[in-house]
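Enquirer: I'd like to go over a predicted model; first the sequence, then the structure.
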Amino acid sequence: MDSEYAIETQDLTKIYRAPWTGREVRAIDSISLRVSRGTIFGLLGPNGAGKTTFVKTLLSAVRQTRGSALIFGRNASDPAARRPIGYLPENHRFPTYFTGAGMLDFYASLSSVPAAERKKLIPKHLEMVGLSQWGAMRIGKYSKGMLQRLGLAQALIHSPSILILDEPTDGVDPVGRREIREILTRFESQGVTIFINSHLLAEVEAFCREIAILHKGKVALTGKTQELTAGKGYRLTATRPSDALTSELGAKATSTVVRDGLVDFQFPSRDLVNSALDLLRAQHCEIESLVPTTSTLEEVFVRTVEAKVDK
């Protein structure tokens, strides 16, 4: 079965029951998501939101209570459906007696990569993640950042069609994070679907095309990253107007900041900022700057979670 979606869930729910009290805990609750082929998708949420349970359900490591999960149109519980997946779990543990190259050979063999092909792929993937000089070293001597790089290499070693990555840049320095982003972007251009579970919002904003935010097991918000962070308004900075005018404009602005003889007004619409410009010019105030502003993904995340908490 083929599908335009790499991942598709419908009403996906996992309920745990406490053994003594029988109390129900909904780790994920009626999650319906669609992840298009060949995109980079970010899954966000506070601790305990259900992100890891959702990923484990996709991988059939956890059996859902109800609902469905499809990988490229096939039921995720079917081993054949999971064969094209490359997976990097959070806090992974590789056998420390392996060398980096030996570990990749072992995991590639588990994915049925022929021995002759493994010999070609292993040095290529070590070089790709910046570990070409460390392949012969035992993993027990690797730093956390090196282990993350090696984990990414093992997730890619069998040429998967979809990557599911749990905190892929955790413990990696800024240069390494940029290199990992470049690697993932390159694979996206080759048609690989990349599904990332992360709490590093700046990283997600930098290269995820679409996101979903989970809160208490439910989807709180989903959409294209660019659209969700666009259109916040305009920041107008002027030499300090009179107190009366500052007060008048402040009543229409979403925020007002007085600093060093200047006033920053944040307006939510073009009409309001144009009206403010007219009033400032009428009083001969100089305009220091006018710039459109967008929400950061962190601001979108906080607003979304706080709105759910208020309810």
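Expert: Received, thanks. Residues are numbered from 1 along each chain as shown.
Enquirer: Check Val219 and give its pLDDT.
Expert: Per-residue confidence (pLDDT) for Val219: 92.
Enquirer: Check which residues of the strand or helix carrying it are buried.
Expert: Element membership for Val219, per DSSP states H and E: strand 218-224. Within strand 218-224, the residues that qualify as buried are Lys218, Val219, Ala220, Leu221, Thr222, counting by 16 or more other C-beta atoms under 10 Å. To be clear about C-beta, it is placed using only N, CA and C from the backbone, and glycine gets the same treatment.
Enquirer: Stretch 141-155 now?
Expert: For stretch 141-155, the neighbour count (16+ other C-beta under 10 Å) marks Tyr142, Gly145, Met146, Leu147, Gln148, Arg149, Leu150, Gly151, Leu152, Ala153, Gln154, Ala155 as buried.
Enquirer: quick one on the thing from earlier: from the buried residues of strand 218-224, pick the one nearest Thr239.
Expert: Nearest to Thr239 among the buried residues of strand 218-224, counting by C-beta to C-beta, is Leu221 at 39.1 Å.
Enquirer: correct me, but that closest one touches Leu228?
Expert: Yes - Leu221 is within contact range of Leu228, at 7.2 Å (criterion: C-beta atoms under 8 Å).
Enquirer: what residues are shared contacts of those two?
Expert: Contact criterion C-beta atoms under 8 Å, 6 or more residues apart in numbering; residues shared by Leu221 and Leu228: Ile211, Val300.
Enquirer: how about the strands in this structure?
Expert: For the chain, applying DSSP state E gives strands covering 5-17, 24-36, 40-44, 66-71, 74-75, 85-88, 162-166, 193-197, 210-215, 218-224, 233-239, 255-259, 262-267, 287-293.
Enquirer: what bits of the stretch 1-150 of the chain have low per-residue confidence?
Expert: Applying pLDDT under 70 to the stretch 1-150 of the chain flags the ranges 1-2.
Enquirer: one more time with 80
Expert: 1-3, 20, 22 (pLDDT under 80).
Enquirer: Show the low-confidence segments of the stretch 151-300 of the chain, by residue range.
Expert: In the stretch 151-300 of the chain, residues with pLDDT under 80: 170-171, 200, 230-232, 255, 259-260, 294-296.
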